[in-house]
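Asker: Build me a structure from this.
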Amino acid sequence: MREEERLQANLKLMRQKHFFNDLLDEHKSSIGITSTSKFYQVSKKLAQKDQKRFMAVDEKDRDEIFQDYLDDLLKKEQQYEGEQSKQK
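Answerer: I've put the predicted structure just below:
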């Protein structure tokens, strides 16, 4: 039973991560999310813009998911900058 509970918890976290990442992507431009954004600033703005969806993600998971999102965003920004410098 323990293994099944662990799998369920992992599945729930994966769903929440996908859901929260979609929310962040959707509001990225309007909120101004960059790789240097701070969770407390973004969470305040997200809660104002889309409280129902924001609150649907477990509070304890939001910050961790947000940090993973920023890590991915930083990689994309660095890749874009690298491509831009190669074109010059």
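Asker: Pull the contacting residues for Arg53.
Answerer: Phe19, Leu23 (Cβ atoms under 8 Å, 6 or more residues apart in numbering). From N, CA and C alone the C-beta is placed, and that goes for glycine too.
Asker: Output the below-cut-off pLDDT ranges for this structure.
Answerer: Residue ranges of the chain with pLDDT under 70: 88.
Asker: Just the CA trace of the helix or strand hosting Lys44, in PDB.
Answerer: Of the helices and strands defined by DSSP states H and E, Lys44 is found in helix 39-49. Provided in PDB are the C-alpha atoms of helix 39-49 (Å, rounded to 0.1, in the frame of the first residue of the first chain):
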ATOM      1  CA  PHE A  39       8.300  34.100  -5.500                       C
ATOM      2  CA  TYR A  40       6.700  36.400  -3.000                       C
ATOM      3  CA  GLN A  41       6.300  39.100  -5.700                       C
ATOM      4  CA  VAL A  42       4.900  36.800  -8.400                       C
ATOM      5  CA  SER A  43       2.600  34.900  -6.000                       C
ATOM      6  CA  LYS A  44       1.000  38.100  -4.800                       C
ATOM      7  CA  LYS A  45       0.300  39.200  -8.400                       C
ATOM      8  CA  LEU A  46      -0.800  35.700  -9.500                       C
ATOM      9  CA  ALA A  47      -3.200  35.500  -6.500                       C
ATOM     10  CA  GLN A  48      -4.700  38.800  -7.600                       C
ATOM     11  CA  LYS A  49      -5.100  37.900 -11.200                       C
END
